[in-house]
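Provided below for reference: sequence and predicted model.
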Amino acid sequence: MAVDLLHALHENPGLTLHRAGERLGLAPTPPEEARLTLSRHKAALLRGLEGGERVEAGALLSSPWRLAAVLGHALGVEAPLVLTLYAREREEPRRYLVPPGNLTAHAAWASQSLPLPRRLHLSPSTGAWALDLREGWEVAVEALAGGTRYLLLLPHLEARAWLEAAGKGLVPPEELSVWRRGETPFTARGWEEALARLEEVPHAAR
């Protein structure tokens, strides 16, 4: 699950990640739990960084472009990707076809050249997964249902609304996790349990 990667990055915002060939450097050495999580996602982190690049975990989380590149690789980039950008209200979305090997380079360019989108949607042409990243996101929901993996980074109320709709329109999930900033990822047994988790008063986010 990718929510554990988000949690590890959030808990260590000053951690610098460095790509040197196929080596992932971490400085300073993170706590053991975070180190093991980042090790599990080493391939995605390496593919989401450019050669020789150094970037702080907090900077990755704050850039929708860079975060989409890392999470896209964590979900699996074996097919062309459809990237849909929503700039402002009432503006038509823009769609781009991104070859599998171009995601990181495109994200690095976009982070320097394009305004922040209010919403970013990324999905392979196979439909195997969907990443939806909204401006001001507070909650991550990751679910495998009906053969599709969903990874949604949404404001709290939108996450609750999505889980309510999923409970009515999607098959029961095979896997389901929810994560709020400042909390440990929670594995739920169904849509209702995940929704109940989000209805609890959240802890103060750091």
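Looks like it arrived, so ask away. Numbers count the residues shown, from 1 in each chain.

Which SSE is immediately downstream of the lengthiest helix in the chain?
Counting residues, the longest helix found in the chain (DSSP state H) is helix 156-169. Using DSSP states H and E, the helix or strand that follows helix 156-169 towards the C-terminus is strand 175-180.

In this structure, which residue is most central in space?
Centroid-nearest residue in the chain, with Cα atoms, centre = their mean: Leu71, separated by 4.6 Å.

for the longest helix of the chain, the distance to its chain's centre please.
Computed by Cα atoms, centre = their mean, to the nearest Å, the separation of helix 156-169 from the middle of its chain amounts to 18 Å.

looking at this structure, which residue ends up farthest from its center?
Arg90 (25.3 Å).

That residue: which element?
Per DSSP H and E, there is no helix or strand for Arg90.

Tell me which residues touch it, please.
By Cβ atoms under 8 Å, 6 or more residues apart in numbering, Arg90 lies in contact with nothing. Yep, even glycine has a C-beta here, placed from its N, CA and C like the rest.

any chance you could map the helices in this structure?
With DSSP H as the criterion, the chain has helices spanning 3-11, 32-40, 42-48, 57-62, 64-75, 103-113, 156-169, 191-199.

which one is Leu138 nearest to, not counting chain neighbours?
Slight slip there: residue 138 is Glu, not Leu. His156 (4.8 Å; Cβ to Cβ, 6 or more residues apart in numbering).

Could you pull up the residues touching that neighbour?
Applying Cβ under 8 Å, 6+ apart to His156 gives the contacts 138-139, 180, 198, 202.

what packs against the helix-or-strand element of the chain with minimal mean pLDDT?
Within the chain, no helix or strand scores below helix 103-113, which has a mean of 87 by mean pLDDT, DSSP states H and E. When contacts are defined as 3 or more Cβ pairs under 8 Å, 6 or more residues apart in numbering; DSSP states H and E, helix 103-113 sits against helix 42-48, helix 64-75.

Next, the residues that contact that helix from outside, please.
By Cβ under 8 Å, 6+ apart, helix 103-113 touches 47-50, 63, 65-66, 68-69, 72-73, 77, 81, 83, 96, 98.
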